[in-house]
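Trainee: would you be able to build a 3D model of this:
(one chain, ligands or ions: 1)
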Amino acid sequence: MKFNSKAIHGGQDNIDPGYNAVMPPIYQTSTYAQKSPGKHKGYEYSRSANPTRTALERSIAALENGKYGLAFGSGLAAIDAILKLLKPGDEVISTHDLYGGSYRLFTRIFENVGVKFHFINLNLIENIEAHITPKTKMIWAETPTNPMMNVIDIKALAKICKAHHLKLCVDNTFATPYLQQPLELGADIVMHSATKYLGGHSDLILGTVVVNDDNLAEQLAFIQNASGAVPGPMDCFLTLRGIKTLHLRMQRHCENGRAVAEFLQQHPQVEKVYWPGLKTNPNYNIAKSQMRDFGGMVSFTTQGNSYKNAVKFVEGLKVFTLAESLGGVESLAGHPASMTHASIPKAEREKAGVVDSLIRLSVGIEDKEDLIEDLNQAIKS
Ligand SMILES: *Cc1c(COP(=O)(O)O)cnc(C)c1O
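Mentor: Predicted coordinates for the structure are as follows:
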């Protein structure tokens, strides 16, 4: 089955053997009656498994061309579960412009229990190899990165991981499986904050993980049940409903993202535009080779690098909403230095390019003329 059909039907057969409902029922139950001890229809307790969650887990696995899907209570709960595959003393190599919440989880929770992280530029292969030690177990990549839209070559990372027996994990939140399928490019684990594009309507918090390896799937399912950070059936249902239009939404996000990036690029008050689809972007060729299109996330800086002007700009927006998060049908704007990346020390975040005037846009699926007009009036003000 091709992608657009999988978004609607992937993993969804025999979803309601009871009444043949076309949409997955919301099994709002914690437990399941057993005929005799241990004799049941595959469900005993909803932390271990719930049919609505199973429907979502099969759907996301189908979209990523993977064998096993797992759903968690949030994107960070999904990352937390993946990192629990590690032991004290293990080391992880990751990107220097990581999502702020992932950085916080790595440095404030997992470093406390003895896992060591190196945050480096993953586009410099020599740089990666220089950081690999016998204790290195995992490379954690995000591509495109948040908020600098750096694109990392997943195939090149996979090659290094194979050579050194490391697990390659890719946070695919910004791209979604519509644009990029990391398992196909050699990754071992793909993770999503489904809160963003998969859900797509800014009305839920949820995370997913997809893997191909049987052993890895078993370990992650054990952690999912043992640690218990599972989503409720209602949120699983909403995510499934979002996924059914993922391909259509992504097409429009990409189209509007291009229009906004091209508008900003020619604006005299704009200094730099970060969108991998611009031919002037240093990552354009990698992006073109591993992504179907370039997405709806656009970052930019304004002339003079003023914190005050950046705040004034986001306050002046009328169609874009000033808010954290991304990937919904509505356009959002954020100021990473004071919002999503405030938990990263200033020196650390400026090394990665997160300067005071940087604005991040999640370009929605409204009419692009309205979005451009809004950006134009806010820049003028
Ligand atoms: C939002 C986000 C997360 C965290 O997901 P939650 O659902 O908010 O817990 C992780 N990675 C990226 C790239 C994100 O944008």
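Trainee: and the protein, which residues reach the ligand?
Mentor: Contact residues, the chain versus the ligand (CB under 6 Å from any ligand atom): 74-76, 99, 101-102, 142, 146, 171, 173-174, 193, 195-196, 205, 207. Using the backbone N, CA and C atoms, a C-beta is placed for each residue, glycine as well.
Trainee: which residues does stretch 17-33 contact?
Mentor: 12, 15-16, 40-41, 43-46, 50-52, 55-56, 232-234, 237, 240-241 (CB atoms under 8 Å, 6 or more residues apart in numbering).
Trainee: just checking, which of those belong to strands?
Mentor: Using DSSP state E, no member of those falls in strands.
Trainee: select only the buried ones of those in PyMOL?
Mentor: In PyMOL, this line selects whichever of the contacts of stretch 17-33 come out buried by 16 or more other CB atoms under 10 Å:
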select buried, resi 12+15+43+46+50+51+52+55+56+232+233+237+240+241
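Trainee: all helices of the stretch 151-300 of the chain, in order?
Mentor: Applying DSSP state H, counting those that start in this stretch to the stretch 151-300 of the chain gives helices spanning 154-164, 176-179, 214-227, 233-243, 246-265, 284-290.
Trainee: format these as a markdown table; extra columns: mean pLDDT.
Mentor: Formatted as a markdown table, those follow (pLDDT from 0 to 100):
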| stretch | mean pLDDT |
| --- | --- |
| helix 154-164 | 97 |
| helix 176-179 | 98 |
| helix 214-227 | 98 |
| helix 233-243 | 98 |
| helix 246-265 | 98 |
| helix 284-290 | 97 |
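Trainee: which of those helices is buried the deepest?
Mentor: Of all these, helix 176-179 has the most neighbours on average by mean count of other CB atoms under 10 Å, namely a mean of 26.
Trainee: next, count neighbours for the residue nearest to residue 107 when sequence neighbours are not counted.
Mentor: By the measure of CB to CB, 6 or more residues apart in numbering, the closest residue to residue 107 outside its immediate chain neighbours is residue 117, 6.6 Å from it. By the criterion of other CB atoms under 10 Å, residue 117 has 18 neighbours.
Trainee: mind listing what's buried in the helix or strand hosting residue 117?
Mentor: Under the criterion of DSSP states H and E, residue 117 resides in strand 116-120. Residues of strand 116-120 classed as buried: 116-119 (neighbour count, 16+ other CB under 10 Å).
Trainee: residues contacting the helix-or-strand element of the chain with minimal mean pLDDT, please?
Mentor: Every helix and strand in the chain was compared by mean pLDDT, DSSP states H and E; the lowest is helix 346-351, with a mean of 82. Here helix 346-351 makes contact (CB under 8 Å, 6+ apart) with 96, 119, 336-337, 341.
Trainee: min pLDDT across the residues you listed, which one?
Mentor: Minimum pLDDT across these is recorded for residue 341, with 77.
Trainee: now it. Nearest residue, chain neighbours left out?
Mentor: In space, residue 341 comes closest to residue 100 once its chain neighbours are excluded; the distance is 4.6 Å by CB to CB, 6+ apart.
Trainee: tell me the secondary structure for the closest residue in space to residue 234 that isn't next to it in sequence?
Mentor: In space, and not counting its chain neighbours, residue 234 is closest to residue 26: 5.7 Å by CB to CB, 6+ apart. Secondary structure assignment for residue 26 (DSSP: H, G, I helix; E, B strand; the rest coil): coil.
Trainee: tell me how far residue 26 lies from residue 18.
Mentor: Residue 26 sits 13 Å away from residue 18, going by CB to CB, to the nearest Å.
Trainee: the more surrounded of these two?
Mentor: A count of neighbours by other CB under 10 Å puts residue 26 above the other of residue 26 and residue 18, at 17 against 7.
Trainee: dump the residue contacts of the residue in the stretch 1-150 of the chain positioned nearest to the ligand.
Mentor: Relative to the ligand, the nearest point of the stretch 1-150 of the chain is residue 75 (2.2 Å; CB to the nearest ligand atom). Neighbour list for residue 75: 101, 173, 191-196, 205-207 [criterion: CB under 8 Å, 6+ apart].
Trainee: rewinding a little: quick check: what element follows the least confident helix or strand of the chain along the chain?
Mentor: strand 359-362.
Trainee: what's the following helix or strand after that following strand?
Mentor: Sequence-wise, the next helix or strand downstream of strand 359-362 (DSSP H and E) is helix 368-380.
Trainee: for that next one, packing partners?
Mentor: Judged by 3 or more CB pairs under 8 Å, 6 or more residues apart in numbering; DSSP states H and E, helix 368-380 is in contact with helix 246-265, helix 307-316.
Trainee: now render those as CSV, adding distance to residue 331.
Mentor: Below are these laid out as CSV (distance: least, CB to CB, whole Å):
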stretch, distance to residue 331
helix 246-265, 8
helix 307-316, 12
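Trainee: coming back round to it: tell me which of the residues of the chain next to the ligand has the lowest pLDDT.
Mentor: For the residues of the chain next to the ligand, the least confident position by pLDDT is residue 146, scoring 84.
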